[in-house]
Structures are given as structure tokens and as C-alpha cells.
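J.: What follows is a predicted protein model with its sequence.
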Amino acid sequence: MKTVRKTSLALVLSIATILTLALMPTLAPTSALAPTSALAPTSALAPASALASPSWPHGSSVAKAHGLPSGVQSWPEVIYGHDGYSQATCSGTDALGYSVFAPSAPGPHPIVFGITGTGFKGSAGCISGSNPPEPVYTSMNWLMAQWAQAGYVAVNIEYHGYTNGLYGDVTYPGIGKWGNIADGTVQLDIKPAIQYFLSNNPSQYGADPASGIVVFGGSSGAHDAYMVAATGIPNVTVNAVVGWSGLPDVSLAGSYPESVFDQYMQTTPGTDVENFGDPDHRINSSMPPQYVANGLTEFINVQNAQSYANDLNKAGITEWLRIPNTSEHATAYAGYTFTGQSPEVSQPAASVGTSVTQDSINFANQYVRNSAPPPSNSPGYWMLASDGTVYAFGSAKSYGNATALSSAAAFAPTPDGKGYWIASPDGSVEAFGDASAYPQPANISGTVVSIASTGDGKGYWITTSTGQLITAGDAISYGSAPSKLNAAIIDMAPTPDGEGYWMLGADGGVFAFGDAGFYGSTGNIHLVSPANGIAPTPDGKGYWFVATDGGVFAFGDAGFYGSMGGKTLNKPVEKMVATTDGKGYWLAGSDGGVFAFGDAGFVGSLGADPPATPIVAFDPSLS
């Protein structure tokens, strides 16, 4: 009979803890766990309930919280076994558990087993500062929830390591006797956890082993995933393995990572015991396809990933080698988006604009039967930086950057998503893809803050900071803002039928034109932070606007699905866009961080690796 141990989803941990988990050579705090970065509140990190969004480490000391994405359900922790090692555990016992996340939609679903990185110390200790105490392995719950949102039943495994008294050599059988035995943690904890889950009614979670099994890990957890691939599990077919910064070829990982590994293995470099626990020395032709990633300039030498991928290839094992151009390590580069540019390496080529997380899921999807449809409101989106660079995510395609403009201020996709316009602050406009070019506007008053396409894509509106409305093509003007404003106009949104529009002032004042209805504003209320983006509901009977601090204000029939108000942001929120059904919205930060709420899907961000110049526009591709 299974037992459960209650674990909270909403926990806060310091980045120093995360880096400890990640096997970093120093434990100095490194960042971003501030809500604004990266894979952020993937799809809503749960109805606002004050849960900050997860983001990716990249620099300063901040805190991180995580919650449950929409379309995902979870269960209390399940205890899968006792291995006899109880030193420095959060529970005070040798009990080990796992957390389960699954799509809300009925199965069958493939399964992914996750192993967080801890520098081989073990993930059963307490997260520093957690109250009530939470075991370290739960720090990866939010990432496993991303897999669940992509259609997998995701199982996050707790395990013991050398701080708990479990060393790698405890299972060492002697020279020439390795067989299918793995190092201590993998053999005594990881494999039993997988076997326990698969033999205890996985269908209760919608899981179907026949649909496919993936093992995923970061840092030392990636090492464990590679070892599962190399040594196998009796009566279990692992279809694919995904590893981020897992030192698979220990001898090339660098002196510091190797010394940590040797501390766990209780050996010295070059000995047979080290080779016993080294994935590269365990390569065999029966291994499943593998995704091998390593940051280009991170503390684990990239040569170890290159060597391992090369050796897999020689053995006839399918591999995707990914070397993001970053110094980040393991889960810290999960939000990195591929550029297709040297010195980044991706063989075979990764889709430009795709994050490491999504790319990993895309890899896994090649080897499982995942019938889950993609989220209807997350096919893709674009971001525009002030230097004119366009960043495309998911199904959104890049059709070029605004290199002819001195700077960029606004972006508008065509209705079919096969092109876009980019406007400069002075009103110059460049057209890309199937976007048509129109005469450049003259006599601009103020600076351009918005450009929006007409419904048929045969024209656009331009709005300036003074409230001036400029038309091109078949766009019709329904008026400009009053000449005397209390605050500058900062955004504009057309009504669904294109026969009107709203303008938003930095003070939260809303101006309605044509058939746009007025449903309220904060023009007579002092805002803590200025307003910065407006989005109408699908029927035009309401709207939202967002302030730079991430606060969301809903009017008319607009529903509230959460905000970043009151949470620490790395950079201000720049834009807000609603989903097509009005049951969610995205917020985008000037550092490229993306926050998705309600049914808005998350397909990547720049939060882990901010662009050289600020993001000034964000638009989804929802055609």
C-alpha cells in the first residue's frame, strides 16, 4: 500500500540553494530566480494566488517561487522506498518519495522521470530557509510541471547522495564485473523509484508505459539519467534520455567537476571505480537516443559533452548535441533560446527561437507516442528589441530584423502571422514577409508607441505618445487623443471589428474611439507604477491593462487570471496581450521575460539571456 508525504507546491528557495544543487564550483548567488526571467509562470503559474513565477538564474541574488500551470494536476508525494541512508535528510528518515504531475486531459500519456542536480550530494536534504521544510528535490517540481503541460506524466524523483551517506562505490562489484550495475544512487534509488511507479498502477495518473518513457536530468541528475540509459532497468524500456550539463565524460569535465564526482565515488581520477560510474565508459549499442547539452563557457568543460556525443554516434546511438552559447549551467539555461549562430552548436540544427526546454521536449516527442494536442493559445510569439532585432518563439517565424531603422519602438504582425511591420520612434516603418509597404507618415507629433494591423492586414494604425493617430492602407481614423493630456499615451489597441480603438495613458487613463466602449480606468487614481500596455477582450466589452510593476487591472468583462504585482521583477513589464478566447494573457518584461496566465501557453523567453537592448514589443502568433 502506498504512503504519501505532504509536499507544498508553493515554496520559495534561494538561488544559492539552486546552485548548490547544480554542482556549481562556488555557491555565490546567481540570479534570476526573480519572476521576470525565463520559463516563468508557465502558463499562469496558477491562478494568481500570489505564486510568483519561476525564472532562470543569471546573475543576482533573488528568490523563486513556483506553482502549478493551467492544464496540469498534481498529487501528494508518494513514498517509494527506504534505502537505509538517513543522514542529513529533511524527513529525518531514510524514506524516499516522488512527486507526480500530469495533464488534466485524460490519458494515455507517455512518462518522464526527472532527476534534479545536487552535485551528487543527494536531493533529500531540506531547502535552505523553507518553512515548512521542503526536500531539495521539489525545487524541480516547476520544471517537471512544464513536461506535464506538454503532455507527459512527469515524476520527480527524490534520492540520496554522499551527504546522506550513500556513495557511488557502494555498489562497485569489482574490476571486470560491472555488468548492468550502476553507481550507488542510480542503482539503489533512481531505478527502484522508476520500477515502483511503473508497478503501482501508473494509469491512475493517466500514464501509459507503452506510450513511451523518458528519463531527464540536469547537472548530476543528468549523469544519473545517462547511467540509467547505459545500465538499463529490468523489464523497462527507456525510449529517450535528456541530459543537461551531466559530465558524461568525467575525464574531460574539468578538474573541479571531476573532484566532486570522485568525492561521491570515493575514488581518485583514472581508477576503475571512477570509470565504473562514468557514463562514457558504459556506452553500449542497446542505449536509447540521447539529448546531450552543455553550456559553451560554463564551469563543466564543454569537451565532455562533445566527446560523449561523438562516442554515442560511433556506437550507433542517436544523439542531439546542444551547446548553448552561455556560461549558465544545467537548468539555469533552460530558457536559453537557440539563435542558429556560431559559436552555438546544435546538431542536428535546433529551431531558431526555441528554448532548451522546448527543444528537449521536441526531442523526446520523436520517441514517444504523445497524442496531447499543443495548447491552443500558445503556437508562438515574437519579441522586438529596441535595436530592431526580432526574436521568434514556437511557431512564430522570423522574417527579418529592422536593420534599416535607427531604432525600433513598435511591432505588428499580419493577421496570418506570415509577416509583420516594425516602426521606429520617428514613424518610419519597415515591412517584412507578407506585410505590405505603405508611404511613410509625415508630421509626426511625439514618438511612436504602437502599431496595429487592420483585420484584413491591408493597413495599420500608428499611435504616438501625444495621442496622434496615423493611418496607412485601409485603416480608418476615429480620432486622436485630446491635445492636453495628464500623461503620455503609451499604447493603443483596436476593437475586434476594427471600427474603433482604445488609447492608454501612462496614468491609467483610457480613451475610447469609434465603437470602442469605455469600461473604466485609473486616470483619477495614483498608480504605484505607470501603466504600460492595454489588451481588449475578444468581444470588445472589456479590457485589461498592465503597469510596469506587473500589476494587472481588469475592466468590463475582462477576467483576472493573475499578475506580477507585488513580486520582485528583474526589469519592468513592457507589454500585455490577451489570448484569442480571453481566458488568459501574457505579460512581457523589457528583459525578455514572459509571464503567461490563464490559458496562455508558454513557449520560451529571453529572461535567462536578456538581449543587448530592451524589449519594446511583444505579439503572439495566434492565426
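T.: Nice, I can see it.

J.: use CA for all of it now, contacts and neighbours both
T.: Fine.

J.: pull the CA atoms of the lengthiest strand in the chain into CSV?
T.: Under DSSP state E, the strand in the chain containing the largest number of residues is strand 72-82. Backbone C-alpha positions of strand 72-82 (Å, rounded to 0.1, in the frame of the first residue of the first chain) are rendered in CSV as follows:
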residue,chain,number,x,y,z
VAL,A,72,-1.8,20.4,-15.1
GLN,A,73,-2.7,18.5,-12.0
SER,A,74,-0.5,17.1,-9.2
TRP,A,75,-0.7,14.6,-6.3
PRO,A,76,0.8,14.4,-2.8
GLU,A,77,4.3,13.0,-2.6
VAL,A,78,4.4,9.1,-2.8
ILE,A,79,6.9,7.2,-0.7
TYR,A,80,8.6,4.6,-3.0
GLY,A,81,11.1,3.1,-0.6
HIS,A,82,13.7,3.1,2.1
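
J.: Please give the centre-to-centre distance between that strand and its chain.
T.: 23 Å (C-alpha atoms, centre = their mean, to the nearest Å).

J.: go on, stretch 465-479?
T.: Its chain's C-alpha centre and that of stretch 465-479 lie 37 Å apart, by C-alpha atoms, centre = their mean.

J.: likewise stretch 118-138?
T.: Its chain's average C-alpha position is 22 Å from that of stretch 118-138, according to C-alpha atoms, centre = their mean.

J.: Could you do stretch 132-141 as well?
T.: 19 Å.

J.: Export it to CSV, keeping only CA atoms.
T.: The C-alpha coordinates for stretch 132-141 follow below in CSV (Å, rounded to 0.1, in the frame of the first residue of the first chain):
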residue,chain,number,x,y,z
PRO,A,132,7.7,24.2,6.5
PRO,A,133,10.8,22.3,5.5
GLU,A,134,10.8,21.0,1.9
PRO,A,135,13.2,18.4,0.4
VAL,A,136,15.6,19.7,-2.2
TYR,A,137,14.2,17.6,-5.0
THR,A,138,11.0,19.6,-5.0
SER,A,139,13.0,22.6,-6.3
MET,A,140,12.5,21.0,-9.8
ASN,A,141,8.7,20.5,-9.5
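
J.: So for Gly514, what's the nearest residue that isn't a sequence neighbour?
T.: Closest residue in space to Gly514, ignoring its immediate chain neighbours: Gly500 at 4.0 Å, by C-alpha to C-alpha, 6 or more residues apart in numbering.

J.: cool, and Thr580?
T.: In space, and not counting its chain neighbours, Thr580 is closest to Pro538: 6.4 Å by C-alpha to C-alpha, 6+ apart.

J.: Let me know the pLDDT of that neighbour.
T.: Pro538 carries a pLDDT value of 93.

J.: show me the contacts for the residue nearest to Gly514.
T.: Contacts for Gly500 were tallied using C-alpha atoms under 8 Å, 6 or more residues apart in numbering; they are Tyr478, Pro494, Ala512, Phe513, Gly514, Asp515, Ala516.

J.: Please identify which of the residues you listed is nearest to Ile79.
T.: Nearest to Ile79 out of these is Pro494 (C-alpha to C-alpha; 53.7 Å).

J.: ok, that closest one touching Leu504?
T.: No: between Pro494 and Leu504 no contact is recorded; they are 11.6 Å apart, counting by C-alpha atoms under 8 Å.

J.: okay, those two: which has more neighbours?
T.: Neighbour count, other C-alpha atoms under 10 Å: between Pro494 and Leu504, Leu504 has more, with 28 against 24.

J.: how much space between Ile283 and Ile157?
T.: Distance of Ile283 to Ile157, given as C-alpha to C-alpha, to the nearest Å: 24 Å.

J.: scratch that, Thr454
T.: Distance, Thr454 to Ile157, by C-alpha to C-alpha: 50 Å.

J.: If we only consider the contacts of Gly500, which is nearest to Gly598?
T.: The closest of the contacts of Gly500 to Gly598 turns out to be Pro494 (C-alpha to C-alpha; 22.2 Å).

J.: Low-confidence ranges, the stretch 101-250 of the chain, go.
T.: Within the stretch 101-250 of the chain, not a single segment meets pLDDT under 70.

J.: May I have the phi/psi pair for Ile283?
T.: Dihedral pair for Ile283: phi -60, psi 140, per degrees, to the nearest 10.

J.: Point me to the helix or strand that includes Phe216.
T.: strand 213-218 (DSSP states H and E).

J.: Contacts for the very next helix or strand once past that strand, please.
T.: Later in the chain than strand 213-218, the nearest helix or strand by DSSP H and E is helix 220-231. By C-alpha under 8 Å, 6+ apart, the residues outside helix 220-231 that reach it are 22-23, 114-120, 179-182, 185-186, 190-191, 215-217, 238, 241-248, 277-279, 282-284, 286-288.
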